[in-house]
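1. With the input below, show me the fold.
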Amino acid sequence: MDLIAFLILFPLLPAVLLLFCRRSQLLTNLIVGVSVALISAAAIMLALKYTGGTATYFTLHGEHWNKLVLGGDILMALVFLFVCRKLPFKRFWIPMLVILQYGAVIAYEFSGRLKETERCLFVDNLSIVMALIIAVIGGLIAIYTPGYMKHYHHEHPGYKDRRNQFIAAIFLFFSAMFGIIFSTQITWIYFFWEITTLCSFIMIGYNCSPEAENNSFRALWMLLLGGLGFAATIIYCSEKLQTIDLFEVLKNPAGMIMIPILLICFAGMNKAAQFPFSSWLLGAMVAPTPSSALLHSSTMVKAGVYVVLRCSPALQDTLPGFIVAVIGGLTFLAGSAIGIAENDSKRILAYSTVANLGLIILCAGVGSPMTMWAAVLLIIFHALAKALLFLTVGVVDHQIGSRNVEDMQGLVLNMPKVAFTMLIGIAGMSLAPFGMLISKWAVLEALAKHDPLLPLAVIFGGTFMFFFWGKWLGMLVAVSSRPPRSNLEKGICFNEWTALWILTVLTISICGLFPWVANIFIEPMYDAGNFLSNSNVYTIIIMLGMLVLLIPPGILTHFKSPRDAEPYLGGANIYGDPTKFTNSLGGGTEWSLRSYYLQEIFGEKRLLAIANVMAVIALIAMFLSGAVYK
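-> Next up is the predicted model:
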């Protein structure tokens, strides 16, 4: 239990220290580096000690622990009300959500009717997987942050420099996430859950611009809806089931626990930005890139899918579970389609996150061993590739001054190392033999045995997603008519390179190691056999081995200057000017290379409202089916 306590409590120390070293870049780097190393080491030691066995539970004796959590709830309520103090009256529902949920929970606890349990903490394979994601991937994002924020404030001198508060919020985030994944009591999960909401509010509103403030409060009220679901779950479970231990709740027959399970799933889908709640995550793109990477890859949204995965055994082969899967499938399909019409790289990544989390929710709703196997692999591979992509986009944005995919033409010439890491990230999200594609194949195989409709969402959604990844990939290697810039990688600092290269190596290596990862971490959780045949494993290893063949030509071309060749323009080239062609009037016209975005078909304005309405209808149907489920 010492390692678990360390992971929950230790991140609070660097969070506090960072608040007192406001101007020392060296000291900030030292605190972040040492803290990340210790947190990662503790997570790895925990994995070595507890992986492979059954869940291990820990008891904390004495009432003071639960009273401490109650005090934390009171403090959180006051903090939320404090940040809402300047809101106009027309946005009264935001503090009202705070009062409703915290008022109900705190009043119920003071009434003495809350059924407390001494068993508070636990560890199993799923929580270990999540801990490694938070510690390693989240830690790399933290290492990347000081260097990024230095560039950020250099480019935006008008923004108040609160970078150490931002980094402190990251470590507070780590503490809360570890608390969520290691807690058994729903009251404890709820307490840590709302800390992540507060941290996201702080980071989204970092630059204090009107857009940032508006988006941060949108995220706040949407995420507070999920907290309301947890508050209702606490009271229901204590009154009806006489326990607030999540794992004791799950031991009851499905008919007895369907309502609290669906309330937790509602909170999870809300946190995971499923339709109709996706707008809070899209609005978070206004925040600095480390915030986006943290929210999308290793912490915030992963908390949402984590709690739904915990509830999935109760959803298997039930109508409410099928509706949860439908919501996930709808989000995967619609999110992937809308991503086609986007040209802002961060918005593409955002819709990709929403969509892939929908696929994980779909797997959890089905609840079979094979879909759960695929869901956990999706979490791992998505966390790695998406963190890498967000961090590379942040670097590119600083160097070329744009996040538009169209402006990344020829990046392979202008920023070859960064382009390579970005190519690996995109390959990790979309190409064989990388893990996301393998996981989607496993989802299709599992769904084919359960339902004939859900595979259609996966097939079409995967096709849409491959389309926008392919467009982006093509832009990176395309050579435009504009002359290449020079020395664009010289301004990238050591922190940023460290995070990018380690994530690149992990993204590649985990694909070769994933049969071992599945065998050690995932299959024991669901008492399932090996879903991959030896031939599948050999094929993946061979394909990864073929990547080694790219190294020799890569080394050769690295030391050679690129040769300029005139583009093929159907014979209409203008001699001596490769940037233009002869038009129909005999004059010269500059040629350009652009992607199709098909906004009239897949645009956000066309599809988002439809997807939100369908998701609201599905949520209503989910709760109605849960209310009558026997």
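2. where are the low-confidence patches of the stretch 251-400 of the chain?
-> 298 (pLDDT under 70).
3. Kindly recompute the last result at 90.
-> Low-confidence segments of the stretch 251-400 of the chain (pLDDT under 90): 252-256, 283-287, 292-302, 317, 367-374, 377, 398-400.
4. What ranges does the stretch 1-150 of the chain have for its strands?
-> Ranges of strands in the stretch 1-150 of the chain, per DSSP state E, counting those that start in this stretch, are 56-59, 119-123.
5. quick one, which of those is packed in tightest?
-> Compared across these, strand 119-123 shows the largest average neighbour count, a mean of 20 (mean count of other CB atoms under 10 Å). From N, CA and C alone the C-beta is placed, and that goes for glycine too.
6. Which strands and helices lie in contact with that strand?
-> Helices and strands in packing contact with strand 119-123 are listed as helix 2-9, strand 56-59, helix 163-182; criterion 3 or more CB pairs under 8 Å, 6 or more residues apart in numbering; DSSP states H and E.
7. To Leu413, which of the ones you listed lies closest?
-> helix 163-182 (32.4 Å; CB to CB).
8. That closest one versus strand 119-123: what angle between them?
-> Between the axes of helix 163-182 and strand 119-123, defined by axes from the mean of the first three to the mean of the last three CA atoms, to 10 degrees, the angle is 100 degrees.
9. got the CA coordinates for helix 163-182 in CSV?
-> Extracted in CSV, the C-alpha atoms of helix 163-182 (Å, rounded to 0.1, in the frame of the first residue of the first chain):
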residue,chain,number,x,y,z
ARG,A,163,3.5,28.8,-16.1
ASN,A,164,4.4,27.3,-12.7
GLN,A,165,0.8,27.4,-11.7
PHE,A,166,0.0,25.5,-14.9
ILE,A,167,2.7,22.9,-14.2
ALA,A,168,1.5,22.6,-10.6
ALA,A,169,-2.0,21.9,-11.9
ILE,A,170,-0.5,19.0,-14.0
PHE,A,171,0.9,17.4,-10.9
LEU,A,172,-2.3,17.9,-9.0
PHE,A,173,-4.0,16.2,-11.9
PHE,A,174,-1.6,13.2,-11.5
SER,A,175,-2.6,12.9,-7.8
ALA,A,176,-6.3,13.0,-8.6
MET,A,177,-6.0,10.4,-11.3
PHE,A,178,-4.1,8.0,-9.1
GLY,A,179,-6.8,8.5,-6.5
ILE,A,180,-9.5,7.6,-9.0
ILE,A,181,-7.9,4.4,-10.2
PHE,A,182,-6.8,3.1,-6.8
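10. roughly how far out does that helix sit from the chain middle?
-> From the chain centre to the centre of helix 163-182 is a distance of 15 Å (CA atoms, centre = their mean, to the nearest Å).
11. what is the rounded mean pLDDT of it?
-> Averaged across helix 163-182, pLDDT comes to 94.
12. Name the next helix or strand downstream of that helix, please.
-> The element immediately downstream of helix 163-182 (helix or strand, assigned by DSSP states H and E) is helix 186-204.
13. which helices and strands does the following helix or strand past that following helix pack with?
-> Later in the chain than helix 186-204, the nearest helix or strand by DSSP H and E is helix 210-236. Applying 3+ CB pairs under 8 Å, 6+ apart, one finds that helix 210-236 makes contact with helix 64-83, helix 93-110, helix 186-204, helix 254-271, helix 279-283.
14. Quick one, which of the ones you listed gets closest to Lys302.
-> helix 254-271 (9.0 Å).
15. What is the closest one packed up against?
-> Using 3+ CB pairs under 8 Å, 6+ apart, helix 254-271 sits against helix 186-204, helix 210-236, helix 246-249, helix 300-315, helix 319-340, helix 604-628.
16. What residues sit buried inside the last one?
-> Okay, so that is helix 604-628. 604, 607-608, 611-612, 614-615, 618-619, 622, 625-626 (16 or more other CB atoms under 10 Å).
17. Ok, the shortest one next?
-> In terms of neighbour count (16+ other CB under 10 Å), helix 246-249 has its buried residues at 246, 248-249.
18. quick one: which of these is nearest Glu239?
-> Val249 (12.4 Å).
19. Quick one: residues contacting that closest one.
-> With contact set as CB atoms under 8 Å, 6 or more residues apart in numbering, Val249 has these partners: 186, 237, 241, 243, 257, 260-261.
20. try 7 Å this time
-> 237, 241, 243, 257, 260 (CB atoms under 7 Å, 6 or more residues apart in numbering).
21. Please tell me which one of these counts the most neighbours.
-> Comparing the contacts of Val249 by number of neighbours (other CB atoms under 10 Å), Pro260 comes first, having 28 neighbours.
22. Please give the number of neighbouring residues around the nearest residue to it once chain neighbours are set aside.
-> Of all residues not flanking Pro260 in the chain, Thr233 sits nearest, at 4.5 Å (CB to CB, 6 or more residues apart in numbering). Per other CB under 10 Å, the neighbour tally for Thr233 reads 25.
23. outside of stretch 22-30, which residues touch it?
-> Contacts to stretch 22-30, defined as CB under 7 Å, 6+ apart, come from residues 18, 21, 146, 150, 164, 167, 495.
24. What is the nearest of these to Phe466?
-> For the contacts of stretch 22-30, the nearest to Phe466 is Asn495 (32.8 Å; CB to CB).
25. Just to be sure, that closest one is in a helix?
-> Yes - counting by DSSP: H, G, I helix; E, B strand; the rest coil, Asn495 is located in a helix.
26. ok, now which ones touch the residue lying closest to it once chain neighbours are set aside?
-> Once flanking residues are discounted, Asn495 sits nearest to Gly147: 3.5 Å by CB to CB, 6+ apart. Neighbouring residues of Gly147 by CB under 7 Å, 6+ apart: 493, 495-496.
27. Lys449: which of the residues you listed is nearest?
-> Nearest member of the contacts of Gly147 to Lys449, counting by CB to CB, is Glu496, at 44.9 Å.
28. Is Asn207 in contact with Asp161, as I believe?
-> No - taking contacts as CB atoms under 7 Å, Asn207 lies outside contact range of Asp161: 10.4 Å.
29. Could you chop the protein up by domain?
-> 1-312, 316-533+592-630 (automatic domain parsing).
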